[in-house]
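S.K.: The sequence and its predicted three-dimensional model are supplied below.
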Amino acid sequence: MEAPMTARFPLSPSTAAVRLTLRLSIAAAAFAAMTPVMAQTPAATNSADAPLDTAACLARLRPGAPAAGVSVADFDRWTANAQLLETTVSSARAQPEGRETWWDYIAKTVDDERVAAGQEILVKYGPQLATVSKNYSVDPEALVAIFGIETNFGTQIGKTDVLNAWLTRGCTEKNPLWKANAYASVKLLRDGVVPPESFIGSWSGAFGMTQFIPTSFYELAADGDGDGKIDLYSSMPDALASTANHLRKRRAQWQHGVPPVIEVKLPAALSAGMSADPMAEIVADNDRRSLGQWAAQGVTRVDGQSLQSAGAERSAYLFAPSGSRGPIFLATANFDAILHYNQSKKYGLSVSLLTNRLQGEPAIATPWPTDDPGLSRRQIRDLQTRLAARGHDIGTADGIPGLRTREAVKVEQTRLGLPVDGRVGRKIYDALERAGG
């Protein structure tokens, strides 16, 4: 869990130290409890071992339906075949973003494959994206990046019944928003926005190409193609316009033409007060300065170029996801806007970096502070193929390192004399490549 900690952070040899808040994620136990949000906020279950009782859940939610704009009759009609989901409960307890290191998460979410696919989307839907960008003043690359991170450009929208997911979350977690989404799910079905058989999404209840939640649909969904209805599953213009509307209407509004993050190089006076711990997630969002002010303190882009090209008056704050020895960024208001779409900082950075890549910026220049970097999806597939060739049953080589892949890695680590931890990273990848497997 993120534990606030106060530290001194010197700005220059002649400037008094400024107090910042360092949000420190401490190793594995902390990673297991970190927070993705929007539809994926940490679970606060009533009881880890309590059996799921659908009837009791519906009885608890039924009286509140009228206040949420749903008649009791409609609530009963649309929940008649409801079923609470063990898969949603277990997924809420073990969200992968929280467990993964930054270098693993970014390596596979912002890889060359996803960049190339995003570039194809920009070309294929150029006119539609140009219209949405003009109407909402949101950069098209950011919309495509969200599309890519959320559902891999529409190829992974999920297979979970959305109403059942929200009923489960509303009755097993303590966030009142989840109950509101259960009622909003009923409204979507009642209003004919989506047919019951097609109302599927992620385990957490997000749905459509860019993974809206039901309450956000009624507040922010937009008819991007002008056909008089909103279809987040099949209409690319609707999905992108809705996402753009979300980025513009929440507390942190998108600023056109401003990069969400800029990888930077800090002068020694600035970096001296920062933790070098790779598990230290430094978010100095209480010290926002203009890019011009950061430049005056000696901060440059990581390649040594000036920050001024991004707009000297734009406000930004320091973000060092893995301490002072890893990549360091200036995060702008657009990074905040992405966090209002999904509050996980891993998600926010992945969307930001993919946005930058789609706008022609290079990949991260600074290595992550590890001797065992993460792998891209292609590299994970290659590793899985090598493991299968060595006789391991890892299932399909799909680029997702599941339990069977990790168990096979342990066997090979033992065989190769490596530390046995099941880690799917560069060390085992290179070792198998050298061994010819």
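M.R.: Noted; the coordinates are in hand. What you see is a predicted model; the values in this text were computed from it and never measured.

S.K.: any idea which residue sits dead centre in this structure?
M.R.: In the chain, the centroid-proximal residue (CA atoms, centre = their mean) is residue 347; its distance is 2.3 Å.

S.K.: and the gap between that one and residue 341?
M.R.: 8 Å (CB to CB, to the nearest Å). Backbone N, C-alpha and C define where each C-beta goes, glycine included.

S.K.: now residue 270
M.R.: In terms of CB to CB, residue 270 sits 30 Å off from residue 341.

S.K.: Could you list the paired strands of the one helix or strand residue 320 maps to along with their orientation?
M.R.: Remark: residue 320 resides in strand 315-320, with elements defined by DSSP states H and E. Within its sheet, strand 315-320 is paired with strand 280-283 (antiparallel), strand 289-290 (antiparallel), strand 329-332 (antiparallel), according to DSSP bridges.

S.K.: Tell me which of those strands sits nearest to residue 376.
M.R.: Between residue 376 and the strands paired with strand 315-320, the tightest spacing by CB to CB is seen for strand 329-332, at 20.7 Å.

S.K.: where does that closest one sit relative to the chain's centre, distance-wise?
M.R.: Remark: strand 329-332 is offset 17 Å from the chain centroid, using CA atoms, centre = their mean, to the nearest Å.

S.K.: which residues sit against it?
M.R.: Residues outside strand 329-332 that contact it (CB atoms under 8 Å, 6 or more residues apart in numbering): 255, 258-264, 285, 291, 294, 299, 307, 310, 314-321, 349, 352.

S.K.: Could you identify the helix or strand that succeeds it?
M.R.: Using DSSP H and E, the first helix or strand after strand 329-332 is helix 333-341.

S.K.: ok now the helix or strand just after that following helix, how far from the chain's centre?
M.R.: Where DSSP H and E defines the elements, the next helix or strand beyond helix 333-341 is helix 345-358. Offset of helix 345-358 from its chain centre (CA atoms, centre = their mean): 9 Å.

S.K.: Quick one: mean pLDDT over helix 345-358.
M.R.: Here helix 345-358 scores 98 as its mean pLDDT.

S.K.: still on that earlier bit, I would like the residues contacting the strand holding residue 320, please.
M.R.: So strand 315-320 is contacted by 20, 261-262, 266, 274, 280-291, 294, 326-333, 335, 345, 349 (CB under 8 Å, 6+ apart).

S.K.: just stretch 147-159 next, same as before
M.R.: 109, 114, 117-118, 121, 200-203, 206-211, 233, 239-240, 243, 347, 350-351, 354.

S.K.: Quick check: strands, which of these are part of them?
M.R.: 200, 201 (DSSP state E).

S.K.: Buried subset of the contacts of stretch 147-159, written for PyMOL?
M.R.: Buried members of the contacts of stretch 147-159, defined by 16 or more other CB atoms under 10 Å, are picked up in PyMOL with:
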select buried, resi 109+114+117+118+121+200+201+202+203+206+207+208+209+210+211+233+239+240+243+347+350+351+354
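
S.K.: For the chain, which segments count as strands?
M.R.: Taking DSSP E to define them, one finds strands in the chain at 3-9, 18-24, 160-161, 200-201, 261-265, 280-283, 289-290, 300-301, 315-320, 329-332.

S.K.: what stretches of the protein score poorly on pLDDT?
M.R.: For the chain, the stretches flagged by pLDDT under 70 are 1-50, 95-98, 251, 437.

S.K.: mind giving me the domain ranges of it?
M.R.: Under automatic domain parsing, the residue ranges defining each domain of the chain are 3-33+255-358, 377-435.

S.K.: now the longest one: how far from the chain's centre is it?
M.R.: Using CA atoms, centre = their mean, we find the averaged C-alpha position of domain 3-33+255-358 to lie 17 Å away from the chain's own average C-alpha position.

S.K.: okay, the domains of the chain, which one's buried deepest?
M.R.: domain 3-33+255-358 (a mean of 19; mean count of other CB atoms under 10 Å).

S.K.: how close does the spatially closest residue to residue 397 that is not a sequence neighbour get to residue 116?
M.R.: Nearest residue to residue 397 in three dimensions, chain neighbours excluded: residue 384, at 3.8 Å (CB to CB, 6 or more residues apart in numbering). Distance of residue 384 to residue 116, computed by CB to CB: 21 Å.

S.K.: swap in residue 110?
M.R.: In terms of CB to CB, residue 110 sits 12 Å off from residue 116.

S.K.: Which one of those two is surrounded by more residues?
M.R.: residue 110 (26 against 10; other CB atoms under 10 Å).

S.K.: what sits against that one?
M.R.: Per CB under 8 Å, 6+ apart, neighbours of residue 110: 350, 353, 354, 357, 363.

S.K.: let's see 6 Å
M.R.: Shown in contact with residue 110 (CB atoms under 6 Å, 6 or more residues apart in numbering): 350, 353, 354.

S.K.: Can you tell me which of the strands paired with strand 315-320 is nearest to residue 405?
M.R.: Comparing the strands paired with strand 315-320 by CB to CB, strand 280-283 comes nearest, at 27.2 Å.

S.K.: show me the contacts for residue 109.
M.R.: Each residue near residue 109 by CB under 6 Å, 6+ apart is listed here: residue 350.

S.K.: Quick check: the gap between it and residue 77.
M.R.: Taking CB to CB, one finds residue 109 at 40 Å from residue 77.

S.K.: What of residue 417?
M.R.: 63 Å.

S.K.: what do you get for residue 87?
M.R.: 25 Å.

S.K.: swap in residue 197?
M.R.: Following CB to CB, the distance that separates residue 197 from residue 77 is 16 Å.

S.K.: Between the two, tell me which one has more neighbours.
M.R.: residue 77 (12 against 7).

S.K.: What is the burial count for the closest residue to that one other than its chain neighbours?
M.R.: Spatially, and ignoring its direct neighbours in sequence, residue 77 is nearest to residue 190 (8.0 Å; CB to CB, 6+ apart). Per other CB under 10 Å, the neighbour tally for residue 190 reads 16.

S.K.: do residue 223 as well
M.R.: So residue 223, with other CB under 10 Å, has 15 neighbours.

S.K.: doesn't residue 230 make contact with it?
M.R.: Yes: judged on CB atoms under 6 Å, residue 223 makes contact with residue 230 at a distance of 5.2 Å.

S.K.: who touches both of these two?
M.R.: Contacts common to residue 223 and residue 230, judged by CB under 6 Å, 6+ apart, are absent.
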